[in-house]
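Asks: model the following, please.
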Amino acid sequence: MGVKDSIRNVWKRFGAEEIAAKAEPQRKTVALPSILAPYQAQRALPKPTPANLRKFAETPLVRRAINLIKDRVASMDWQIRLKRDYTPDKVGYAARKAAILRRALEEPNDSDSFRTLIEQVIEDALVGGFGAMEMDLTGAPEKPFELWPVDGATIQINPKWDGSPNSPRYAQATGLAGSAGLVQLNDDELMYVRMNPRSYTPFGLGPLEVAFETVNTFLSAHRFAGKLASNSVVQYALWLNDTTPAQQERLIRWWQDEIEGTGRVPLLSTEQKPEVLRFAQGTDADLRLAWQEFLIRMVANAFGLPPLLLGLEGDVNRSTAAELADEAFRGAILPLAQLIAGHITRDLFAKCIGWRGFEFVFNDLSARDENTELAVQVQLLQAGVLTVNEVRAMRGLGALGTVNSEQ
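Replies: Presented below is the predicted three-dimensional model:
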């Protein structure tokens, strides 16, 4: 008897549902035909991610964009609740199970909290489109599972997966020699978060992958501007008319030995005044600041953020700032938070544990700020659309006037 079966048998005495076995549908179409054709002999496909994506994620511009999304999602309040089609009468000991799920998520393993765990998953999802988390059943009723973050770049996907949760779908390349170099993982043992999923590839597409060329170009322009501003690149020359090569060589040695780097005032005595030839205008236009600003806008577009949040405030006023901030929440933070919540509900609660009546919900998704959320809930209460207990459930609080008979 497996660990999952033992957990289900433990909860049978608490009134858990028995799910009848159904005939599995047979798929007629072929998944990922463009990949299966040239790789028929290959069992698992690695994601062809450039190695310097991780390095790009450590630059100030990209780090700012990642932290804006990651910190906002990781700091949200969340709750475990029953799905709409489930009631406490249908799910035995629902309150106790919800408390167990919350306690297990708050302490997913011996070293991580929920925030430190989810931050690592979101980081990999934004960088390479792969956020991976290993799920393992413990066999203990009070803590049925443990979670560990996994480097998504080491995960390979089996394109011939048969669709069963108990069959190998993923594999981790550990880099070790022999049989330990590839760790097989079933579908119900790994949570794999894909951003921008597509039909022709099993891998996702992260925002940093979209902005890869833009970030590379921005770093090149930034380095050039830094050298130019620090006077590492000379933008002018001295023209001395009617001088012999020996005189030029003597002047160069004198300038390097006596003038360069000393701060002294150079004194020249020649028949004709030397002329300064400038190769550029000698203004901020030489730094290509407008080009760098355009590249920052392109990086912001790749992450779904307004340029305002990446430091470009020149075209922002009081009437547009609030709209841009709301656009960032609706376009970048909300979709990722819902994606994470859906994976926890489907992969962890349903596939790994088998408790399909529960769902993971972020409480801060219905409104961008607390004042708007509060005003909407007050209006719904006054209109009789919601009850006090329903509003408390939306905010992650327990119901009033009820006695928990499950303790």
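
Asks: quick one: low-confidence parts of the stretch 101-250 of the chain?
Replies: Of all residues in the stretch 101-250 of the chain, those with pLDDT under 70 make up the ranges 231-235.

Asks: the residue nearest the centre of the chain: which element?
Replies: Nearest residue to the geometric centre of the chain (Cα atoms, centre = their mean): Leu126, 2.9 Å. Using DSSP states H and E, Leu126 falls within helix 114-128.

Asks: angle of whatever helix or strand comes next after that helix against helix 114-128?
Replies: Scanning forward in sequence from helix 114-128, with DSSP H and E defining helices and strands, the next element found is strand 130-140. Angle between the axes of strand 130-140 and helix 114-128 is 150 degrees (criterion: axes from the mean of the first three to the mean of the last three Cα atoms, to 10 degrees).

Asks: quick one: strand 130-140 to chain centroid distance?
Replies: Strand 130-140 has its C-alpha centroid displaced from the chain centroid by 19 Å (Cα atoms, centre = their mean, to the nearest Å).

Asks: next: stretch 74-90.
Replies: Mean C-alpha position of stretch 74-90 versus that of the full chain (Cα atoms, centre = their mean) differs by 24 Å.

Asks: how close does the residue of the chain positioned farthest from its centre sit to Gln247?
Replies: Using Cα atoms, centre = their mean, the residue of the chain lying farthest from its centre is Glu271. It sits 67.2 Å away. Separation of Glu271 from Gln247 (Cβ to Cβ, to the nearest Å): 12 Å. C-beta here means a position set from N, CA and C on the backbone, and glycine is covered the same way.

Asks: who's in contact with Gln292?
Replies: Taking Cβ atoms under 8 Å, 6 or more residues apart in numbering as the contact definition, Gln292 lies against Phe218, Ala221, His222, Ala225.

Asks: does it sit in a helix or strand, and which one?
Replies: Here Gln292 is assigned to helix 289-303, by DSSP H and E.

Asks: buried residues, that helix. List them.
Replies: Neighbour counts over helix 289-303 (16 or more other Cβ atoms under 10 Å) mark Gln292, Phe294, Leu295, Ile296, Met298, Val299, Ala300, Ala302, Phe303 as buried.

Asks: ditto for stretch 83-97
Replies: Buried-residue list, stretch 83-97, by 16+ other Cβ under 10 Å: Tyr86, Val91, Gly92, Tyr93, Ala94, Ala95, Arg96, Lys97.

Asks: which residue ranges of the chain form helices?
Replies: When assigned using DSSP state H, the helices of the chain occupy the ranges 3-12, 33-36, 53-56, 60-74, 94-106, 114-128, 207-210, 212-229, 245-254, 289-303, 318-328, 334-343, 370-382, 388-394.

Asks: pick the most buried one from the ones you listed.
Replies: Ranked by mean neighbour count, these are led by helix 207-210 with a mean of 23 (mean count of other Cβ atoms under 10 Å).

Asks: please compute how far it lies from its chain's middle.
Replies: Per Cα atoms, centre = their mean, the displacement of helix 207-210 from the mean C-alpha position of its chain is 10 Å.

Asks: okay, the buried residues of helix 289-303 in CSV with pLDDT and distance to Leu82 next?
Replies: Conversion of the buried residues of helix 289-303 to CSV gives the following (pLDDT from 0 to 100; distance: Cβ to Cβ, whole Å):
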residue, pLDDT, distance to Leu82
Gln292, 92, 51
Phe294, 93, 49
Leu295, 95, 48
Ile296, 94, 45
Met298, 95, 44
Val299, 96, 41
Ala300, 94, 39
Ala302, 95, 38
Phe303, 95, 34
